[in-house]
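Trainee: next comes the sequence, and after it the predicted model I'd like to discuss.
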Amino acid sequence: MAKILISSIGTGPSTITEQKIRQYKTAKYEIDGKYYESSFIASVLYQHLKIDEVILIGTVKSMWEAVYEQFCQDRNIEIDFEYYIQLSEIVESANHKSDLNSIQLGKLEKSLGDKSKCIAIKYGLNEREIEENFKRVVELIDVLQSGDELYIDITHSFRSLSLFLFLVLTFINDIASELNVSIKGVYYGMLDISRELNYAPIVNLQSLFDITRWIKGGYSLQNFGNGYLIASLLAEQGEKSLANSISKLSDTLNLNYIPTLRQNATDLKRELDETTTQTPLQYLKPELERFVKRFSRQNIPDSELQLDLARWYFQNKRYATGYIALVESIITYSCEVQNIQDIANHQEREKGKNLLSNKKNTALGELYFKKVNPIRKAIAHASLEERRTNLKTAIDNAMKYCDEASRIFRTKTFG
């Protein structure tokens, strides 16, 4: 596990010395009550956070020679002035048309420490350049190791590139989830206010990244019933009871475990009624309340609850579990028509199935035996038979079958 700083490098304000060497202006930075002076914030964060590896991203025009000089000083490395001058000349003459391979950053990478890396990117003036930059930055996945902690600095470079860097690293964090890589900080040096304070405060914008997690969690919960990310975020905020209730309901939906669905939804509804939170959940709460209300209703038969669950699965394109729930809703309805009390009992449900067998010519019998159950069987057994129901037919007719079952259920007969 390593602490990795990923920083964008800009051009920086500079003056030309008598030796015709660019000299960059320094700024006074403050972080956690400590003050540092540097021409770029990456050096400050490297020292303050005790970083293990550094990844710098910038254009050919960025102040690479100043970075090289600063890190050589920070790490007590002898400066190669010939290389420093070479970097300075390339940077001075560079523009948006410069070839990314025109600048050699290998020696600079060595000055940053083991496994550190420098990435030259385009200005991002059009979609083609943005796409090329994305490909270059996303290759960072190859250097990440399990458990690495990322610290992101978006202070320097073009504002558009800072936003680009933040979004790409968020993307990397998601697709490399198996590495268990975590973003521990998103830093921005507020240089604009330095004239007023006589220093530039370094603020941690970690909350921005947390908001992206809440957005993803809300989407997963609303569309798929997966509340695990929301539960994890709530647990981090100390809302452990509410987090546990959301996880239980998600387990129920993902296992299609219908017997406990109503109870878990009711428990979560009660938790939401009793919870006042200042977390981003307050904005997701209305949607979550509508969601649990749908499955906590006590005034409808079990067959209707199962049918509504099947409809919800189909609405969210979870067709396999949807057909299982639809078939079970028909069996439950058959039991209810016969006034079978213990419809959760396997033997009692077999009685419901047997009655359906005797009613094959009814509307409900045809729906069960000719339409939905053959699809359910093929799904349950992962059938490879060529004669299995056409995929498109099964998907296109899913909601129609629910509507057909609903019409029959309202008659309190087999149709």
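Mentor: Sure, I can see it. Computed from a predicted model, the values in this text were never measured in an experiment.

Trainee: show me how this protein divides into domains.
Mentor: For the chain, automatic domain parsing gives the domain ranges 3-204, 214-296, 302-411.

Trainee: okay, these in JSON lines with mean neighbour count and mean pLDDT next?
Mentor: C-betas here are computed from N, CA, C, even on glycine. Below are the domains of the chain laid out as JSON lines (neighbours: other CB atoms under 10 Å; pLDDT from 0 to 100):
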{"stretch": "domain 3-204", "mean neighbour count": "17", "mean pLDDT": "85"}
{"stretch": "domain 214-296", "mean neighbour count": "17", "mean pLDDT": "84"}
{"stretch": "domain 302-411", "mean neighbour count": "17", "mean pLDDT": "87"}
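
Trainee: so what's residue 29 bridging to?
Mentor: residue 36, residue 200 (DSSP bridges).

Trainee: name the next helix or strand downstream of the helix or strand that contains residue 332, please.
Mentor: Residue 332 is part of helix 319-337 when elements are defined by DSSP states H and E. Past helix 319-337, further along toward the C-terminus, the next helix or strand under DSSP H and E is helix 346-357.

Trainee: and that following helix, what does it pack onto?
Mentor: Under the contact criterion of 3 or more CB pairs under 8 Å, 6 or more residues apart in numbering; DSSP states H and E, helix 346-357 touches helix 319-337.

Trainee: by how many degrees do the helix it packs on and helix 346-357 diverge?
Mentor: Comparing the axes of helix 319-337 and helix 346-357 via axes from the mean of the first three to the mean of the last three CA atoms, to 10 degrees yields an angle of 90 degrees.

Trainee: pop out the phi and psi values for the spatially closest residue to residue 28 that is not a sequence neighbour.
Mentor: Closest residue to residue 28 apart from its sequence neighbours, by CB to CB, 6 or more residues apart in numbering: residue 199 at 4.2 Å. In terms of degrees, to the nearest 10, the main-chain angles of residue 199 are phi -160, psi 160.

Trainee: in the chain, which spans are strands?
Mentor: Using DSSP state E, the strands of the chain run over 3-9, 14-16, 22-24, 27-31, 34-38, 53-58, 117-120, 149-153, 182-189, 200-204.

Trainee: out of those strands, which gets nearest to residue 254?
Mentor: strand 182-189 (24.7 Å; CB to CB).

Trainee: give me the contact list for the closest one.
Mentor: 3, 27, 29, 31, 41, 44-45, 49, 148-155, 166, 169-170, 173, 200-206, 208-209 (CB atoms under 8 Å, 6 or more residues apart in numbering).

Trainee: go on, stretch 226-240?
Mentor: 210, 213-214, 216-218, 220-221, 242-244, 246-247, 249-250, 253-254, 275, 277, 279-281, 284.

Trainee: alpha carbons only: can I get that stretch in PDB?
Mentor: What follows is stretch 226-240 as a C-alpha-only set of coordinates in PDB (Å, rounded to 0.1, in the frame of the first residue of the first chain):
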ATOM      1  CA  ASN A 226     -29.000  -2.100  -4.300                       C
ATOM      2  CA  GLY A 227     -28.500   0.100  -1.200                       C
ATOM      3  CA  TYR A 228     -25.100  -1.200  -0.200                       C
ATOM      4  CA  LEU A 229     -23.200   1.900  -1.200                       C
ATOM      5  CA  ILE A 230     -25.700   4.100   0.500                       C
ATOM      6  CA  ALA A 231     -25.500   1.900   3.600                       C
ATOM      7  CA  SER A 232     -21.700   2.100   3.600                       C
ATOM      8  CA  LEU A 233     -21.900   5.900   3.400                       C
ATOM      9  CA  LEU A 234     -24.400   6.000   6.200                       C
ATOM     10  CA  ALA A 235     -22.300   3.800   8.300                       C
ATOM     11  CA  GLU A 236     -19.300   6.200   7.800                       C
ATOM     12  CA  GLN A 237     -21.600   8.900   9.100                       C
ATOM     13  CA  GLY A 238     -22.500   6.900  12.200                       C
ATOM     14  CA  GLU A 239     -26.000   6.000  11.000                       C
ATOM     15  CA  LYS A 240     -25.400   2.300  11.600                       C
END
